[in-house]
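Trainee: A predicted structure for the sequence below; I have some questions about it.
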Amino acid sequence: MTLVKQRGNFPSMRALLEDFWNTDTLLDDRFFGRSTTLPAVNIREQEDSFMIELAAPGLKKEDFKISVDNGVLQIESETRKEEEEKNDTFTRKEFSYSSFSRSFSIPENASEDNVTANYENGVLKLKLGKMKKDITHKKKQIQIG
């Protein structure tokens with residue numbers, strides 16, 4: 001085994017050559033110093049509801065699209081940023097796009113009609129109410145036909 005010392009965050013020439021033959025990792029986000037991760041999620045079950053907290057700092061509540069369809073809760077976000085700077089000698093134009101989508105299967109005892117959402121301090125909080133179970137048993141007389 002040979003130890004190779006690497007300086008800084010830029011990949012070594014040897015690593016670049018190895019990645020050249022492994023095309024799945026050549027142009028991945030490690031190469032460009034970016035990471036693509038999904039927002040962290042906490043899910044808690046309470047007596048009368050389910051609480052979902054999604055960490056998404058830097059967004060606005062208008063950036064989110066939340067839907068419930070056929071037992072699946074979908075949380076999506078897409079942001080676009082464009083900057084342009086013009087000068088007598090140059091023009092600089094930068095684009096930045098980011099998006100994510102998270103899907104969760106809703107438990108059978110959760111109500112799709114009773115979902116609320118709040119975004120505050122970089123945390124999206126959703127509350128899914130549980131369906132009330134009628135546990136009272138009524139006495140019923142059965143007629144014999």
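Mentor: Arrived safely, thanks for sending.
Trainee: so where do the strands sit in this protein?
Mentor: 41-45, 49-55, 64-69, 72-86, 91-105, 110-120, 123-130 (DSSP state E).
Trainee: need those strands in a markdown table with distance to Lys138, can you?
Mentor: For glycine as for every other residue, the C-beta is placed from the backbone atoms N, C-alpha and C. Shown next, in a markdown table, are these (distance: least, CB to CB, whole Å):
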| stretch | distance to Lys138 |
| --- | --- |
| strand 41-45 | 29 |
| strand 49-55 | 27 |
| strand 64-69 | 32 |
| strand 72-86 | 34 |
| strand 91-105 | 33 |
| strand 110-120 | 23 |
| strand 123-130 | 22 |
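Trainee: Dump the ones you listed into a markdown table; add mean neighbour count and mean pLDDT as well.
Mentor: Formatted as a markdown table, those follow (neighbours: other CB atoms under 10 Å; pLDDT from 0 to 100):
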| stretch | mean neighbour count | mean pLDDT |
| --- | --- | --- |
| strand 41-45 | 12 | 94 |
| strand 49-55 | 17 | 95 |
| strand 64-69 | 13 | 93 |
| strand 72-86 | 13 | 88 |
| strand 91-105 | 11 | 87 |
| strand 110-120 | 14 | 92 |
| strand 123-130 | 18 | 94 |
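Trainee: Among those strands, single out whichever gets nearest to Lys139.
Mentor: Proximity to Lys139 (CB to CB) singles out strand 123-130 among these, at 27.2 Å.
Trainee: just the angle between the closest one and strand 64-69, please?
Mentor: Interaxial angle, strand 123-130 versus strand 64-69 (axes from the mean of the first three to the mean of the last three CA atoms, to 10 degrees): 20 degrees.
Trainee: Spell out which strands sit alongside strand 123-130 in the sheet and which way each one runs.
Mentor: strand 49-55 (antiparallel), strand 110-120 (antiparallel) (DSSP bridges).
Trainee: I'd like those strands laid out as CSV, including distance to Lys86.
Mentor: Listed next are the strands paired with strand 123-130 as CSV, based on distance: least, CB to CB, whole Å:
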stretch, distance to Lys86
strand 49-55, 37
strand 110-120, 35
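Trainee: That concludes my questions; thank you for your assistance.
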